[in-house]
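Engineer: what's the 3D shape of this:
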Amino acid sequence: MRSAPAIVVAIAAAVIVALAAVALTSDREQAFTLGVVRSTTIKVPYGQAVCQSPISVPPDAAFDAVTLDATTQAPRGAELELTVRAADAGAPTRAGKVLARGSTVSGVTGESALRTVRVGHVDADQTIAVCVTNRSRRPALLYGNADAAARTSSAYTNGKRTGLDLVLDFQRAEPRSLAGLLPAMFDRAALFRAQWVGAWTYWVLALLCLFAVPLLLVRALRSAVRD
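Structural biologist: Okay, the predicted model is just below:
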């Protein structure tokens, strides 16, 4: 029993080392996502555009590519142009200046519909709109979900709400480790909290989990040995 505290300390140290290794070696290309899960589609005829707006790019979430979910029922894929524009949260349908653009060809029935479009670098901490325009004669189908899926933005066409949100993910050109993303993750988590809670709160909780919990276990075991 006298070796039990040493065993707890050794296990805690091993867990800390393992977590640090995972944080340093796990790379992520995703800058951020709207969190929309595919459920239904919106039809985009030739020459028409669907814009998801307004989208707030979080701090430290600059991106270089956008992944969308697009298909068509035609034998060949539809040619799509994706444009990133500046947007105004107060007037989401107003077309702002073009910040970046790229193009892709949609999937067809029976194959993967996910397409990653390289658009060029777009800075963080700004409000944007992502517009997808069908440049082919074949109707395109963009996957999305009900309008409540992305709480702060909506998909529009011809200046009117479609009642849907598009499936959109935003990617970095250079992957970043989980350890490098922790400050940004804590900052974003601090947005959904009481006024007195900040990013520092999550750092304190993390340190307590890593160090205070093992120390409390050791103290409890020593107390049990004395008894």
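Engineer: Tell me which stretches of this protein form strands.
Structural biologist: 27-33, 40-44, 49-57, 63-71, 79-86, 98-105, 114-122, 126-134, 140-146, 154-157, 160-161, 164-166, 168-177 (DSSP state E).
Engineer: Which strands and helices lie in contact with the fourth one?
Structural biologist: Here strand 63-71 is seen to pack against strand 79-86, strand 98-105, strand 114-122, strand 126-134, strand 140-146, strand 168-177 when contacts are counted using 3 or more CB pairs under 8 Å, 6 or more residues apart in numbering; DSSP states H and E. C-beta coordinates here come from the backbone N, C-alpha and C atoms, glycine included.
Engineer: go again using 6 Å as the cut-off
Structural biologist: Contact partners of strand 63-71 among helices and strands, from 3 or more CB pairs under 6 Å, 6 or more residues apart in numbering; DSSP states H and E: strand 114-122, strand 140-146, strand 168-177.
Engineer: mind exporting it as PDB, just the C-alpha atoms?
Structural biologist: Written as PDB, here are the backbone C-alpha positions of strand 63-71 (Å, rounded to 0.1, in the frame of the first residue of the first chain):
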ATOM      1  CA  PHE A  63      -8.200  30.500 -44.100                       C
ATOM      2  CA  ASP A  64      -7.100  29.600 -47.600                       C
ATOM      3  CA  ALA A  65      -9.800  27.100 -48.800                       C
ATOM      4  CA  VAL A  66     -13.500  26.400 -48.400                       C
ATOM      5  CA  THR A  67     -15.000  22.900 -48.400                       C
ATOM      6  CA  LEU A  68     -18.600  22.600 -49.600                       C
ATOM      7  CA  ASP A  69     -21.000  19.700 -50.300                       C
ATOM      8  CA  ALA A  70     -22.200  19.900 -53.900                       C
ATOM      9  CA  THR A  71     -23.600  17.400 -56.400                       C
END
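Engineer: for the record, mean pLDDT for it?
Structural biologist: What strand 63-71 shows for mean pLDDT is 96.
Engineer: relative to strand 98-105, how tilted is that strand?
Structural biologist: Strand 63-71 and strand 98-105 are oriented at 40 degrees to each other (axes from the mean of the first three to the mean of the last three CA atoms, to 10 degrees).
Engineer: what's next to strand 63-71, contact-wise?
Structural biologist: 31, 38, 82, 106-107, 113-119, 121-122, 140-143, 167-173 (CB atoms under 6 Å, 6 or more residues apart in numbering).
Engineer: shaky segments in the protein?
Structural biologist: The chain contains residues with pLDDT under 70 at 1-28, 175-227.
Engineer: Repeat the analysis, applying 50 as the threshold.
Structural biologist: Residue ranges of the chain with pLDDT under 50: 1, 21-25, 179, 181, 190-192.
Engineer: Across the sheet, point out what pairs with the spatially closest residue to Ser106 that is not a sequence neighbour.
Structural biologist: Leaving aside its sequence neighbours, Ser106 sits nearest to Ala70 (CB to CB, 6 or more residues apart in numbering; 4.0 Å). Ala70 has these beta-bridge partners by DSSP bridges: Leu142.
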